[in-house]
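A.B. asks: Coordinates for the following, if possible.
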Amino acid sequence: RRNAIRTMIAHLPIPVVVWNYMPDLQHLVVAEANTCARQTLGFAPGLRIDAGSSALGDVFLANARACLEATAPCAQPLVLGNLSLEHTITLTPEGTLVSTFTDVTRYTQEIRDLEESTAILELFASNVAHDLREPLRMVSQWVFALEEDYGQALSEPAAKEMLGYILDGTSRMNRLIDSM
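C.D. replies: This next block holds a predicted model:
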């Protein structure tokens, strides 16, 4: 059964690494690495990662410590050159640390693209809102000017009511623009 699992792991399309470690976690040593881990990450059995040797090593060791403390899988983002990976490290019931690496490069780029599109849309919405508010301000100002200059000539209740409708409409339109 163990050989069947090892064979399956060896052919997984994601990098899988089994680590040897000391309780003080000052270094990790690759015990096993599947083909994908060897080809993608350059991890081969015997590779040693020491604390303080590199930012990458520090990330692995921090993940391993967090996993051992929490006794639960821990995941951290990891950038290797052009690759954006999610590094998940798990403590098996036998006490072995196993890392998997999921390539999230495409998703990371899609998120950046969405953030850029969102920023452009927000700028567009802000410009449209500004452009729509200007005519409303003009209508409101003219209504106030009309009331101020010709208020007594507009003594008919219907005239004042119409001006109220105009101001009401501009207020509603401003609220609609605000909610965009």
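
A.B. asks: any chance you could map the strands in the protein?
C.D. replies: Along the chain, counting by DSSP state E, strands occupy 16-21, 27-33, 48-50, 74-80, 83-91, 97-103.

A.B. asks: where's the residue nearest to the spatial centre of the chain relative to residue 53, distance?
C.D. replies: Compute the mean C-alpha point of the chain, and by CA atoms, centre = their mean the closest residue is residue 111, 6.3 Å away. Residue 111 is 30 Å from residue 53, where distance means CB to CB, to the nearest Å. Using the backbone N, CA and C atoms, a C-beta is placed for each residue, glycine as well.

A.B. asks: same thing with residue 137?
C.D. replies: Residue 137 is 63 Å from residue 53, where distance means CB to CB.

A.B. asks: Now do the contacts for the residue nearest to the centre of the chain.
C.D. replies: Listed by CB atoms under 8 Å, 6 or more residues apart in numbering, residue 111 has no contact partners.

A.B. asks: And residue 37, by the same measure?
C.D. replies: By CB under 8 Å, 6+ apart, residue 37 lies in contact with 15-17, 43, 101.

A.B. asks: Make JSON lines out of these and add distance to residue 74.
C.D. replies: Shown next, in JSON lines, are the contacts of residue 37 (distance: CB to CB, whole Å):
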{"residue": "15", "distance to residue 74": "17"}
{"residue": "16", "distance to residue 74": "16"}
{"residue": "17", "distance to residue 74": "14"}
{"residue": "43", "distance to residue 74": "18"}
{"residue": "101", "distance to residue 74": "13"}
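
A.B. asks: Which of those residues sits closest to residue 34?
C.D. replies: Of all the contacts of residue 37, residue 16 has the smallest distance to residue 34: 4.6 Å, by CB to CB.

A.B. asks: Give me the nearest residue to that closest one, chain neighbours excluded.
C.D. replies: Of all residues not flanking residue 16 in the chain, residue 34 sits nearest, at 4.6 Å (CB to CB, 6 or more residues apart in numbering).

A.B. asks: Tell me how many other residues surround that neighbour.
C.D. replies: Residue 34 has 22 neighbours, counted by other CB atoms under 10 Å.

A.B. asks: for it, what are its contacts?
C.D. replies: For residue 34, the contact set (CB under 8 Å, 6+ apart) comprises 9-12, 15-17.

A.B. asks: pLDDT weak spots in this protein?
C.D. replies: Scanning the chain for pLDDT under 70 picks out 1.
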